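Q: Need coordinates for the following:
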Amino acid sequence: MKDIMILLKRKICFSFFIIIILIAFSGALGWILTQQFEECKKVMETVHSFKEAELQRRSEEKNFLLRGYSQQRLQAWQNAKMEFDQRFGELIGLKVLTESDINGIKTNNTEMSGVYNRFFEDIQSAKLSENKIAYYDAQFKISGQRTSEIIKNILAREHEEQIKNSSRTNFLIIIFLIVFSIAATFLAINVIKNLC
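A: Model (predicted):
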């Protein structure tokens, strides 16, 4: 009888030990998953802010084209460009962009800097003709489309990453539940069997 009680105590202690390990594992897993979801959320918010900054920059370009030069419009455009550059820097910091994305946006910005410089010189010096306005509008549009395509690719990649994270999370939760259920069942059966 004494040996049975010692065996029962060992089984119970072993089962509680397994359950404690599983609880600790679930806490660590929950923390890791929370961090992943928070990072994903931050990335998506930054990408959307980047997209909004691009749209705002394009809107300010349109204001110049349609309404002409004024110091107030120039300031609004510069603010929109600074916001765009800031969001771009944040995305680089979050390591979301591929080398191709970074190079594409930098190349696009470099090319457009020359166009902006000519545009500001032309718009300050004289009233632009319809042809000039159409030319600059086309150049700005090309720049916006390139950036929008990169943003679209980033969003698609992040969406795929969210789906992968969700699948991994579901798989880990199912595995954890199975192991936890087996340990709890083993504990309950041994306690009931030896108490009866």
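Q: rest of the way, CA atoms for contacts and neighbours
A: Will do.
Q: so which helix or strand takes in residue 88?
A: Here residue 88 is covered by helix 71-93, with elements defined by DSSP states H and E.
Q: next structured bit after that helix?
A: The helix or strand immediately downstream of helix 71-93 is helix 99-125, counting by DSSP H and E.
Q: How far away from the center of its chain is whichever helix or strand comes after that next one?
A: Counting by DSSP H and E, the next helix or strand C-terminal to helix 99-125 is helix 130-195. Relative to its parent chain, helix 130-195 has a centroid offset of 10 Å by C-alpha atoms, centre = their mean, to the nearest Å.
Q: Now do helix 130-195 against helix 99-125, angle only.
A: Angle between the axes of helix 130-195 and helix 99-125 is 150 degrees (criterion: axes from the mean of the first three to the mean of the last three C-alpha atoms, to 10 degrees).
Q: Helix 130-195 - what's its average pLDDT?
A: Mean pLDDT, helix 130-195: 82.
Q: Report all helices and strands that it contacts.
A: helix 2-67, helix 99-125 (3 or more C-alpha pairs under 8 Å, 6 or more residues apart in numbering; DSSP states H and E).
Q: buried set for stretch 75-83?
A: 76, 77, 79, 80, 81, 83 (16 or more other C-alpha atoms under 10 Å).
Q: what's near enough to touch the residue nearest the centre of the chain?
A: Taking C-alpha atoms, centre = their mean, the centroid of the chain lies closest to residue 43, which sits 2.2 Å from it. With contacts defined as C-alpha atoms under 8 Å, 6 or more residues apart in numbering, the neighbours of residue 43 are 91, 94, 96.
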